[in-house]
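J.: predicted model and sequence below, questions to follow.
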Amino acid sequence: MSIRVTNKTNFKEVEKKVRTAIGLYADTAAKKMEGEAKKNAPWTDRTGNARNSIQGDFGWQGNKAVISLSGNMDYSVYLELAHEKKYAILKPTIDRNAPEIIKGYQRLVE
């Protein structure tokens, strides 16, 4: 991608477009991980609350785009860490997707 910046206004416009593109990419990646985690959660649902509470999200922390994946039940930590992590889904999903997300980001900003 080649962008010619001729003045401060153009630079701000380019910066806004890049930030928007990164945001869309990060949001898409977060939602993809959310769907994957919900689909592949290894536990047997009793109420469906744990599975339904899994949330992929994206937000800005200063100039950093942050993608998160969380389980939002009181016992989500238990599912992730107890029983030798037999029921973990959040970290394995992040670990599986992180290399692809980083490669996509690198292609985006080239």
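T.: Nice, I can see it.
J.: show the contacting residues for I54.
T.: By Cβ atoms under 8 Å, 6 or more residues apart in numbering, I54 lies in contact with E34, A37, K38, A41, L69, S70, G71, N72, I89, L90. All C-beta spots, glycine's among them, are computed from the backbone N, C-alpha and C.
J.: neighbours of K31, how many?
T.: Counted with other Cβ atoms under 10 Å, residues neighbouring K31 total 15.
J.: could you double-check that it sits in contact with I67?
T.: No - look at K31 against I67 with Cβ atoms under 8 Å: they stay out of range, at 9.9 Å.
J.: give me the mean pLDDT for stretch 99-110.
T.: Averaging pLDDT along stretch 99-110 yields 92.
J.: what's the mean pLDDT across stretch 35-54?
T.: 97.
J.: from the contacts of I54, which ones fall inside strands?
T.: L69, S70 (DSSP state E).
J.: mind listing the shared neighbours of K31 and I67?
T.: With Cβ under 8 Å, 6+ apart as the test, K31 and I67 both reach G56.
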